[in-house]
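Trainee: structure for this input, please:
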Amino acid sequence: MALQIGGGGGGLRGLMRRKPVDSDRARAEGQQQQLAKELNVLELVAIGVGSTIGAGVYVLVGTVAREHAGPALAVSFLIAGIAAALSAFCYAELASRCPSAGSAYHYSYICIGEGVAWLIGWSLVLEYTLGGSAVARGISPNLALFFGGPDSLPWILARHQLPWFDIIVDPCAAALVLAVTALLCLGIKESSFVQGIVTILNACVMLFVIIAGCYIGFQIGWDGYKVTDGYFPYGVNGVLAGSATVFFAYIGFDTVASTAEEVKNPQRDLPLGIGAALSICCFLYMMVAVVIVGIVPYFAMDPDTPISSAFAKHGMQWAMYVVTSGAVLALCSTLMGSLLPQPRILMAMARDGLLPSFFSDVNKQTQVPVKGTVVAGICAAALAFFMDVSQLAGMVSVGTLLAFTIVAVSILILRYVPPEEVPLSSSQRESMGLNQEYDEEKGRDPLGDEIRDTSQIKDLIVTEPMKDPLLEKKQYKGTMDEMKRRKIAAFSIGSVCLGVLVLTASASATWLPFLPLCIGCIVGGVLLIPGLVVLCWIDQDDGRHSFGHSGGFMCPFVPFLPVVCILINTYLLINLGGDAWLRVGIWLLIGILVYIFYGRTRSSLVDVVYAPVAKADARRSSSGFMS
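Mentor: You can find the predicted model right below:
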């Protein structure tokens with residue numbers, strides 16, 4: 001069929017409808033307000049590094065070294081960095097091909113469908129709100145150390161317990177959130193400049209730790225590596241467990257992808273920004289780990305303040321203030337990175353009709369979504385003021401890992417079964433002369449595929465007089481072979497995803513008896529391995545070359561790299577714990593209700609017609625849409 005109706009507002013068809021990748025055209029036609037294109041590579045690197053390096057690294061090195069990795073802490077950081085790089089490769093390709101606001105929500109809407117995109121966007125809204133609130137709550141205790149102790153902040157900023165309530169309010173955290181919100185409203189150029197300065201100062205603190213630690217290490221002969229139980233005291237399993245813990249120290253580079261619409265040259269700058277930010281973070285993490293476990297034996301580390309206590313043991317008590325400064329700077333930078341993407345995701349969802357248009361308004365002076373930024377900032381500030389959200393940190397990890405997984409699945413879909421049809425709005429149908437075909441399509445029997453008008457059959461099937469029956473037969477056979485290849489590819493992708501889910505769930509269910517556990521792992525492997533082999537054997541779709549913007553970054557080692565990425569992220573998701581999943585499940589259930597009663601019927605794709613990509617492109621070219 002040449003044309004397909006969008007499917008109205010309901011049913012499975014509504015959940016599977018996909019939006020076009022070329023959203024630049026909609027903005028050029030004035031249908032969408034455009035964000036300011038101000039960012040270059042250096043600013044993207046500053047955003048990525050600032051969003052990734054949080055104060056957790058100043059604590060993680062002690063906990064992971066003592067309980068999991070020992071002197072091999074740097075190896076754990078390296079493995080975690082490689083695992084994060086798998087997701088970064090997938091993000092880099094999609095960000096350069098589809099440079100629009102929304103990050104993982106936008107990519108899944110294009111590649112998978114509206115239902116999955118809504119759930120990803122809804123979970124990301126929760127992730128960034130909770131993440132920003134938790135980070136803000138962590139600043140005040142560190143800041144208090146400069147005033148003499150944990151409870152030494154000025155009264156107006158100090159934490160207080162409300163009378164008759166078991167609630168401890170944090171005015172300092174709320175004030176910081178509101179200050180960052182005001183900064184983000186000034187413009188992306190201004191906020192990225194400030195974040196760049198804070199990130200540079202934080203990197204200088206980490207370089208101080210590395211250089212000063214090396215000086216102490218060479219003086220004492222690196223005593224931390226001379227422990228009797230060797231470099232791997234907990235074995236390989238301990239190193240891998242440590243890498244799973246420190247993996248979350250790399251979360252944050254996806255913030256770079258959320259700014260895609262504001263990048264001057266997204267095809268070049270986005271992959272470079274994501275890759276450089278992750279590489280810098282991995283280098284700094286590993287060097288800090290090498291130094292700290294070298295100057296203090298892993299079993300003697302302070303789990304709460306490992307770095308400052310390590311310097312104090314060697315007579316450098318003053319270094320505590322330098323390290324605390326780094327922690328405060330890291331938290332402030334991470335806070336900016338947490339609040340930056342959320343209004344852009346809300347804006348992308350509002351553009352698609354899934355949320356009220358209030359969130360899609362872009363301020364004419366600053367060219368940022370000020371309304372969405374203010375609402376997101378007020379919500380995060382209220383949470384930071386009234387609630388200790390540290391116990392909800394698992395919910396943040398669920399949203400991030402879900403996004404990483406869906407982005408990897410989107411890469412497989414893009415390469416093997418990219419969308420064959422694009423949705424056309426009523427204005428585009430009129431400009432391209434498709435309204436008559438749309439009316440004829442609507443007049444078709446809704447329960448069957450018969451076409452009542454013979455002129456429509458002629459238009460849809462025979463576009464030119466048949467001159468060579470053999471050539472026509474060969475073309476028909478080629479079309480049928482391509483349809484068969486797409487069906488096999490789609491089935492294989494589904495088999496891989498199901499196999500990963502069964503395998504990781506079985507491997508994580510250590511409470512099961514040995515035999516059921518083995519059976520589950522075997523079933524998962526039977527689904528995963530053949531599907532992966534088929535994807536390696538069949539050709540990728542030629543349509544991948546014309547999908548979105550060409551000439552950008554291409555994810556290497558497809559399908560292996562995305563499949564490994566899906567495997568790692570799914571394993572981490574399953575092992576986050578039942579409490580985190582219960583809370584996220586309640587939030588997603590609320591999101592499903594919002595979609596059913598609002599977004600489903602107000603989606604911008606409710607009344608669209610789907611036309612084959614080649615036909616739409618040809619019509620656009622003849623109508624002057626494409627240069």
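Trainee: can you give me the helices for the stretch 451-600 of the chain?
Mentor: In the stretch 451-600 of the chain, the helices defined using DSSP state H, counting those that start in this stretch lie at 454-461, 469-508, 514-537, 560-574, 578-594, 600-602.
Trainee: is it true that Leu184 lies in a strand?
Mentor: No. Assessed with DSSP: H, G, I helix; E, B strand; the rest coil, Leu184 is helix; it does not lie in a strand.
Trainee: mind checking pLDDT for it?
Mentor: Leu184 carries a pLDDT score of 96 in this model.
Trainee: so who does it touch?
Mentor: Taking CB atoms under 8 Å, 6 or more residues apart in numbering as the contact definition, Leu184 lies against 191, 336, 339-340, 343, 368, 373, 377. C-beta here means a position set from N, CA and C on the backbone, and glycine is covered the same way.
Trainee: show the model's pLDDT score for Pro469.
Mentor: For Pro469, pLDDT reads 58.
Trainee: Ser243 versus Ala289, what's the distance?
Mentor: In this view, Ala289 and Ser243 are 12 Å apart by CB to CB, to the nearest Å.
Trainee: what does Val288 give?
Mentor: On the measure of CB to CB, Val288 and Ser243 end up 16 Å apart.
Trainee: tell me the buried residues in stretch 513-533?
Mentor: By neighbour count on 16 or more other CB atoms under 10 Å, the buried set for stretch 513-533 is 517, 520-521, 524, 527-528, 531-532.
Trainee: contacts for it, please.
Mentor: 491-496, 498-507, 509-510, 512, 559-560, 563.
Trainee: give me the buried subset of those.
Mentor: Judged by 16+ other CB under 10 Å, buried ones among the contacts of stretch 513-533: 492-493, 495-496, 499-506, 559, 563.
Trainee: could you dump those residues into CSV with pLDDT added?
Mentor: Output for these, formatted as CSV (pLDDT from 0 to 100):
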residue, pLDDT
Ser492, 96
Ile493, 97
Ser495, 97
Val496, 97
Gly499, 97
Val500, 97
Leu501, 96
Val502, 96
Leu503, 96
Thr504, 94
Ala505, 93
Ser506, 93
Pro559, 95
Val563, 97
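Trainee: closest one of those to Thr305?
Mentor: Thr504 (35.0 Å; CB to CB).
Trainee: show me the contacts for that closest one.
Mentor: Counting by CB under 8 Å, 6+ apart, Thr504 has contacts 524, 567, 570-571, 574.
Trainee: and for the nearest residue to Met16 once chain neighbours are set aside, the neighbour number?
Mentor: Closest residue to Met16 apart from its sequence neighbours, by CB to CB, 6 or more residues apart in numbering: Gly113 at 4.1 Å. Number of residues near Gly113 (other CB atoms under 10 Å) recorded here: 20.
Trainee: I figured Gly113 hits Leu12, correct?
Mentor: No. Using CB atoms under 8 Å as the test, Gly113 is too far from Leu12 to be in contact (9.5 Å).
Trainee: so how far is Thr245 from the residue nearest to Met16?
Mentor: Separation of Gly113 from Thr245 (CB to CB): 34 Å.
Trainee: over to Leu340?
Mentor: Applying CB to CB to Leu340 and Thr245 gives a distance of 26 Å.
Trainee: coming back round to it: format the helices of the stretch 451-600 of the chain as a markdown table; extra columns: distance to Thr228.
Mentor: Formatted as a markdown table, the helices of the stretch 451-600 of the chain follow (distance: least, CB to CB, whole Å):
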| stretch | distance to Thr228 |
| --- | --- |
| helix 454-461 | 79 |
| helix 469-508 | 33 |
| helix 514-537 | 34 |
| helix 560-574 | 33 |
| helix 578-594 | 38 |
| helix 600-602 | 64 |
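Trainee: where along the stretch 351-500 of the chain do the strands fall?
Mentor: For the stretch 351-500 of the chain, strands defined by DSSP state E, counting those that start in this stretch occupy the ranges 421-424.
Trainee: any low-confidence regions in it?
Mentor: 390-391, 421-479 (pLDDT under 70).
Trainee: at 50 instead, please
Mentor: In the predicted model, the stretch 351-500 of the chain carries pLDDT under 50 at residues 442-443, 445-466.
Trainee: for the chain, same thing?
Mentor: 1-2, 5, 8-9, 24-25, 27-28, 442-443, 445-466, 618, 620-627.
Trainee: circling back to that earlier point, which of the buried ones among the contacts of stretch 513-533 lies closest to Lys313?
Mentor: Thr504 (41.2 Å).
Trainee: before we move on, back to that, what about Leu340 and Thr245, which has more around it?
Mentor: Leu340 (27 against 18).
Trainee: the more buried one against Ile47, yeah?
Mentor: Yes. Applying CB under 8 Å, one finds Leu340 in contact with Ile47, separated by 7.2 Å.
Trainee: tell me, what's touching the two both at once?
Mentor: Between them, Leu340 and Ile47 share the contacting residues 255, 259, judged by CB under 8 Å, 6+ apart.
Trainee: contacts for stretch 315-335 next, please.
Mentor: So stretch 315-335 is contacted by 50-55, 57-58, 132, 135-136, 138-139, 142-143, 145-146, 176-177, 180, 195, 198-199, 201-202, 205-206, 208-209, 212, 216, 252, 305, 307-308, 311-312 (CB under 8 Å, 6+ apart).
Trainee: got the buried residues for that stretch?
Mentor: 316, 319-320, 322-335.
Trainee: just the ones in strands from those residues, please.
Mentor: Secondary structure assignment by DSSP state E places none of the buried residues of stretch 315-335 in strands.
Trainee: quick one: Ile406 from Ala55, how far?
Mentor: 28 Å.
Trainee: could you do Asn575 as well?
Mentor: 24 Å.
Trainee: out of the two, which sits in the more crowded spot?
Mentor: Set Asn575 next to Ala55 and count neighbours by other CB under 10 Å: Ala55 wins out with 22 against 11.
Trainee: returning to what we had before: selection in PyMOL covering whichever of the contacts of stretch 315-335 are buried, please.
Mentor: Selecting only the buried entries of these in PyMOL, with 16+ other CB under 10 Å as the criterion:
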select buried, resi 50+51+52+53+54+55+57+58+132+135+136+138+139+142+143+145+176+177+180+195+198+199+201+202+205+206+208+209+212+216+252+305+307+308+311+312
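Trainee: how about His160, what does it touch?
Mentor: 168-169, 171.
Trainee: from those, which land in helices?
Mentor: Those of these mapping onto helices are Pro171, per DSSP state H.
Trainee: hmm, which of the contacts of His160 are the buried ones?
Mentor: Listed as buried from those are 169, 171; burial here means 16+ other CB under 10 Å.
Trainee: and the contacts of His160, which is closest to Lys264?
Mentor: Lys264 lies nearest to Pro171 out of the contacts of His160, by CB to CB, at 39.2 Å.
Trainee: touching, the closest one and Leu157? I think so.
Mentor: Yes. Counting by CB under 8 Å, Pro171 does reach Leu157; the two are 5.5 Å apart.
Trainee: need the contacts of His160 in TSV with distance to Leu589, can you?
Mentor: Below are those laid out as TSV (distance: CB to CB, whole Å):
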residue	distance to Leu589
Ile168	29
Val169	29
Pro171	33
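Trainee: between the contacts of His160, which is closest to Leu35?
Mentor: Out of the contacts of His160, the member with the shortest distance to Leu35 (by CB to CB) is Pro171, at 32.5 Å.
Trainee: how about that closest one, what does it touch?
Mentor: Residues in contact with Pro171 (CB under 8 Å, 6+ apart) are 156-160, 385.
Trainee: hmm, try it at 10 Å
Mentor: Pro171 sits next to 140, 153-160, 384-385 when contact means CB atoms under 10 Å, 6 or more residues apart in numbering.
Trainee: just those now: which is nearest Leu94?
Mentor: Ala384 (31.7 Å).
Trainee: can you count the residues close to that closest one?
Mentor: With other CB under 10 Å as criterion, Ala384 counts 32.
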